[in-house]
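1. When you get a sec, could you give me coordinates for this:
(chains A and B)
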Amino acid sequence: MSYDAVVIGAGHNGLVAAGYLARAGLSVCVVEKNDWIGGAAVSREIYPGITYSNCSYVASLFRPEIMRDLELPRHGLQILPYEGGAVFTEDGGCLGMFRDHDANRREFARHSRRDAEAYDRYSRDVLRFCRFIRPLLLRTPPDPSRFRPRDLAEMLWLGRRLGELSERQLAETVRFWTMSIADFLDEYFEHPVIKGYLAVSAIIGTALGPMSPGSAYVLLHHYMGDVDGNIGAWGYARGGMGSITRALAASFRAAGGEIRTGHGVERILVQGGRAVGVALDNGDEIGAARVISNMDVKRTFLRHVDPDDLPGDFLRQVRNFKTRGSSGKLNIALASAPVFPALPPDAPNIRGDLHFTDSIERMERAYDDWKAGRFSADPFQDVMIPTLIDPTMAPSGQHYMSCFVQYAPPRIAGRDWTDADRDAFGETCLNQIERHSPGFRDRVLHVEVRTPRELEAEVGLTDGNIFQGELTFDQLLFNRPVPGYAQYQTPIRDLWMCGSSTHPGGGVMGAPGRNAAAEVLRAMKRPARMSEAYAVL
Amino acid sequence: MPSCDAIVIGGGVNGLACAARLAATGRRVVLFEGQGRLGGGAGETEPAPGYRAPALAHTTQGLDPRLLAGLGLDRHGLAFHPALATTALDPAGAHRTVRGGTASGPDAAAFAALHRKLSGFAQALAPFRALTPPRLAARGNDWGPLARAGLGLRRMGGAEFREFLRMILINIHDVVQDDLTDDRLRGLIAFDATLGSWLGPRSPNSLILYLNRLSMGSDPLLPKGGMAALAASLAAAARAAGAELRAGEAVARVLVEADRACGVVLADGRDWRAPLVVSAAGPRATFRDLVGPRHLDAGFFTRSGQIRARGAVATLTLALAGTPDFRGADLRSRLVIAPSSEAVERAFNPGKYGEVPEAPVMEIVLPSAHEPGHAPEGHHVLSALVQFAPHAPKAGTEAARAEMLKTTLAQLETHAPGLGSLIVAAEMLMPQDIAARFGMAGGNWHHGELAVEQMLFNRPLRDAARYATPLPGLWLAGAGSHPGGGINGAAGWNAAGQILAEAA
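-> Predicted coordinates:
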């Protein structure tokens, strides 16, 4: 049997692309190597009775336009906003964060009145930068080296958009995009804990530190989401991150799509310079008029395409595409809710994201370890306990705690991670939690420690990079993943890419999948029937 | 009350270039320099009696060609030794020699290819150095030169242009890791890219600094007679053009009347009047010390304090009673200790926390190896630019200087055993010392970091990026303006051009 399209990989972008194509009337088959679907947006029961979001752990960036187009709420998706969070300081205190802007301000004032005043200005300025960038997420980048009508038209659109900014705003925008988050925060705030808290989003998943130029852009990348219209707010997917991909799969199947799990692709079949299907690792072949890969660009071209089918220069550029993983994860099953003495009892902040890194300096030192090929001796952790809001992920009284960790290198001093390395990394993280939550270890039922090694082996993320490729300018926009091939197309006709290796990059966003589907339909001269980017508040 | 047509504050390379160009139009130009001598970062020091060494800069990548031609500097005594080769030192003696795009060793072909690629980009960017930064608006630009420079960029073939767009903001570490295999060559390029900046090789936006360096010249140049001779030739040319140069007279503040700059007040209390006041003293010093908050709008004044000027260079000057041996390296080359890109990054890390690196990286020049007159017969002066010194040392400047001197001398001893026993005198200047002695904010010789977020229309601030300032009559002409410093003079020359175009 031959399909109109076969999609390789049932991660969220693959399912989004497949969903749009199925709704456009194509016959689509998604192939997935694991027995379960979801890629890095999964809910898994590793310890009996408790659900882990064992890779990604928060929702916010998922495009509301896609949620609407693919009717995800109808297929079971519900995102619960969470309350805020806290930074626990070395001296036993804490800085609380709240959903309500004024509550935040009051809490800041407890540490620094000046910073409380600055917070309004800061929020307003960052929001303005967000507003400019957001519509770009759902647009295919132009190729500035070509003079095709579509590229000229897109550059004209970009130019008009830039023209909407005043001279002052343009200069400030360029400045912000090229700065480090540490320098940017220094222009507003004085208190190290406040700066430490606000810098967090700039380092998640990156090969950068808070003092690296370009880290302010990464912060923007993470601020661009919204929950309930609150830009930059985050939420939990009810039932774990897997509920996003389950809803996507349900929507896709409802439109006639097919998902085959348990066998990965061995080779993408190419004939006469055209992609004609895939060969699976069990020998089965699936024919298709077009192949769309949700794998990262390195995995796709270095493992599953015959090098003779590719230009030499393209292969070299793919090899040089930077995918250095920097993140690890602990998924912990708890017999009872942990207590953090620094928080007042019944404080809502425990339902948000909790951190122990109380300064930019500590964050930067953690990054220095990564550069030297070690996991951070004093890591940054983003800790959340979704079961405090979501009753569906664990039996009453028991809890799931997710700890996202920076930094963990793809290889330890040039060699592969061993189990001993992984366990030592896990111990470092648990010790840090114990310092702020005495007795924590006694509550632990189970710990799953994931390093870049596990992320690559299980999820297929090369070098464990959670974004399928680093988010620096040399790998963004018309440079992502490779200049000249930044419009979801590849050197092989009818072979497309739809994963986070493409614009606009990673995070559980869905935009790459949607944009790729738009390009596929455009090439077929079929109407896309997709929502344009919503006007920003 | 003495008066003239234009006052220039600061007698460094840019101040002198600006004063000369303005004076050549017949204007009466008076330049004030607070130090006892002219030249700014181009000067001389005497580490011990009988020894003459560079005070700060020891070479230049090249003076702006418009200066060379426009001021006839060769007629005023400027001459250079043949361009220096560079030796990337290896502690075991397996050095690599580099001249232009030619390197010794097995990585020669890769080095040549990379040099060709980057030189192509640098040449495409070079015309922008001679331009006033554009206004980000439809009106107010001189579109001719801008368009020509832009077209030069676009004239690269499709593939080269795409590669340019990919690389323009990339970090130098990834570039050398991708394209080269020899650690010494990787370290050399990583060192050259970050020299004078507050970035490590892994920092994004570091390749563009290397392109900037290449666009000024491929190899370092040593003036005949040393940096003092370079300064002297510039001063002579400025005087020949009609400018009056007054060294040893510091300006205390800019005189403002009716919201216009109308002159200066000197440190000794005297006034000098002029409708044009041009400051080459650095934007932070200009706005915060010489003008002050009263005559500037509050937002602008606040932002002037946010101009980042973290210096990370320490200078070391040694008087040596003998000839050092860097395991056979040619002492007439520029000697670089930067064994790998990772080593440069490791040297960069501690400064972020106010600490001193254990193994600093550095470039070394011995003017005494090129010509007599710098040291007694058989003796030498050694000038080193060492990175990365902490811009805000936690232990204080004194302790940091002692520590930095120790680690620097240890590095030198490793690469030139026995050098320590030749030392007659040693002087190390930390960024704080450079700031105090040369008036360079933070000790950064660009008067404000040369970093992408502070370049072009954002250099030094968005409202003062075209040499004019919000205060009518006051202009900027120093390294803190586009296109930065480095013993080049482009900023001063551009500023004069903009002044002549607008204040006609």
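
2. Return the backbone torsion pair for the closest residue to chain A within the stretch 51-200 of chain B.
-> Closest residue of the stretch 51-200 of chain B to chain A, CB to the nearest CB: B:R162 (3.7 Å). C-betas here are computed from N, CA, C, even on glycine. When read as degrees, to the nearest 10, the backbone of B:R162 gives phi -60, psi -40.

3. By proximity to chain A, which residue of the stretch 201-350 of chain B wins?
-> B:P204 (4.1 Å).

4. In this structure that residue contacts B:H173, no?
-> No - using CB atoms under 8 Å, B:P204 is not in contact with B:H173, being 10.0 Å away.

5. Can you give me the end-to-end span of stretch B:445-457?
-> 20 Å (CA to CA, to the nearest Å).

6. what's the average pLDDT for that stretch?
-> The predicted model assigns stretch B:445-457 a mean pLDDT of 96.

7. do stretch A:248-268 as well
-> On average, stretch A:248-268 scores 98.

8. for that stretch, the distance to its chain's centre please.
-> Computed by CA atoms, centre = their mean, to the nearest Å, the chain-centroid distance of stretch A:248-268 equals 22 Å.

9. Stretch B:219-236 now?
-> With CA atoms, centre = their mean, you get 14 Å for stretch B:219-236.

10. One more: stretch B:456-463?
-> 18 Å.

11. Kindly list the single helix or strand of chain A that scores lowest on mean pLDDT.
-> Between all helices and strands in chain A, the lowest mean by mean pLDDT, DSSP states H and E belongs to strand A:226-227, at a mean of 54.

12. tell me which element the residue of the stretch 201-350 of chain B closest to chain A falls in.
-> Assigned by DSSP states H and E, B:P204 belongs to neither a helix nor a strand.

13. and the residue nearest to it when sequence neighbours are not counted, how many neighbours?
-> Among residues not flanking B:P204 along the chain, A:G214 sits closest, at 4.1 Å (CB to CB, 6 or more residues apart in numbering or on different chains). Residues lying near A:G214 (other CB atoms under 10 Å in any protein chain shown) number 28.

14. In this structure A:G214 contacts B:L169, no?
-> Yes - A:G214 is in contact with B:L169 according to CB under 8 Å; the separation is 7.2 Å.

15. can you list residues touching both of the two?
-> A:T178, A:T472, A:F473, B:P204, B:N205 (CB atoms under 8 Å, 6 or more residues apart in numbering or on different chains).

16. Would you mind giving the residues you listed as TSV with neighbour count and pLDDT added?
-> TSV is the format used below for these (neighbours: other CB atoms under 10 Å in any protein chain shown; pLDDT from 0 to 100):
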residue	neighbour count	pLDDT
A:T178	22	94
A:T472	24	92
A:F473	22	93
B:P204	25	97
B:N205	25	97
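
17. Greatest separation within those residues: which pair is it?
-> A:T178 and A:T472 (11.1 Å; CB to CB).

18. which residues are in contact with both of the two?
-> With CB under 8 Å, 6+ apart as the test, A:T178 and A:T472 both reach A:G214, B:L169.
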